[in-house]
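[1] what shape does this take:
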Amino acid sequence: MTAMKDMPDKAYELAIVDPPYFSGPERRTFYGNRISSIGVTRVYKKSPFWQPPEIEYFTELQRVSMSYIFWGRNYFNFPFHSGTIVWDKCNESSSFSDCELAATDLMDHVRVFRFMWSGMLQGESIKNGSKMQGNKKLNEKRIHPTQKPVALYCWLLQKFARTGYKILDTHLGSGSIAIACDIMGYDLEGYEIDKEYFEAAKARLEQHQRQGKIFEMPVAEK
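    Numbers count the residues shown, from 1 in each chain. Okay, the predicted model is just below:
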């Protein structure tokens, strides 16, 4: 909110944001099991950082961006547009939600992206997201309890971004969107209030760049 107050109107062509949907993960050692089985190393402490945004946040987001993709539409009573993006996590056997929903003003219908994301089970590729990646050594390292896959952000950029777009993310988290923007060739401005997560996301991006684009995704449609 502090940063957005200094931004001019419509400074970004697209905001893709994933704010906290609800308060809860900070009350457990990990998001889910007491001992993480998926590699999350951050031990939670009760923190003021994990706070769902109020309506003022969404108003500012609309002011500084031309369009938005806002994850968590089913958790907020905001005046969203009718467009909906469904991420099917292909995890029917899990106790977690089968899908996550995003609101967007880029369309007035529903689009579905299927990509497996259930513990150590991760999708093979954007095209074969419902098929499990056979080599778990190739899995993305999980550094954040609500981390989303790089493939999801690559798909969003492929579908909804255009050449020259500047992207805004107000809740950087694990930095998956930063890796996706690096792969797809988009400028990103990202904010993360938690220094520990910011440093972890930065290190993750730098490792990806050092290893010569470890996530192989299709190039953006120009």
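[2] center of the chain - which residue?
    residue 148 (4.8 Å; C-alpha atoms, centre = their mean).
[3] name the nearest residue to that one, ignoring sequence neighbours.
    Excluding the flanking residues, the one nearest residue 148 by C-beta to C-beta, 6 or more residues apart in numbering is residue 176, at 5.4 Å. Just so you know, the C-beta spots here come from the backbone N, C-alpha and C atoms, and that holds for glycine as well.
[4] from what I see, the one you found and residue 150 are in contact.
    Yes. Contact criterion C-beta atoms under 8 Å: residue 176 and residue 150 qualify, at 4.9 Å.
[5] what do the two both touch?
    residue 140 (C-beta atoms under 8 Å, 6 or more residues apart in numbering).
[6] and residue 144, what's its pLDDT?
    Note on residue 144: pLDDT of 89.
[7] count of neighbours near it?
    22 (other C-beta atoms under 10 Å).
[8] just to revisit the earlier point, my read: the residue nearest to the centre of the chain touches residue 17, true?
    No. Here residue 148 lies out of contact with residue 17, judged by C-beta under 8 Å, at a distance of 11.4 Å.
[9] and for the two, which residues touch both?
    What both residue 148 and residue 17 touch, as defined by C-beta under 8 Å, 6+ apart, is the set residue 71.
[10] low pLDDT regions in the chain?
    Low-confidence segments of the chain, defined by pLDDT under 70: 22-48, 94, 212-222.
[11] can you rerun that using 50?
    Within the chain, the stretches with pLDDT under 50 are 25-38, 41-46, 219-222.
[12] in this protein, where's the longest helix?
    Ordering each helix of the chain by length in residues (DSSP state H) puts helix 195-210 first.
[13] show me where the protein has helices.
    2-5, 55-64, 150-160, 176-184, 195-210.
[14] pull out the buried positions in the first one.
    Using 16 or more other C-beta atoms under 10 Å as the burial criterion, the residues of helix 2-5 that qualify are residue 4.
[15] for residue 110, give the beta-bridge partners.
    residue 84 (DSSP bridges).
[16] for it, what are its contacts?
    Applying C-beta under 8 Å, 6+ apart, the residues contacting residue 110 are 83, 84, 85, 86.
[17] measure it to residue 62 for me?
    21 Å (C-beta to C-beta, to the nearest Å).
[18] got it, and residue 176?
    Distance of residue 176 to residue 62, computed by C-beta to C-beta: 23 Å.
[19] more neighbours, these two?
    A direct count of neighbours by other C-beta under 10 Å for residue 176 and residue 62 places residue 176 higher, at 26 against 19.
[20] now do the contacts for that one.
    140, 147, 148, 149, 150, 152, 153.
[21] and the fourth one, how many neighbours does it have?
    Put plainly, it is residue 149. 26.
[22] go on, the one 5 residues further on?
    Counted by other C-beta under 10 Å, the residues lying close to residue 154 total 24.
[23] just checking, it touches residue 183?
    Yes. Here residue 154 reaches residue 183: they are 6.1 Å apart, a contact under C-beta under 8 Å.
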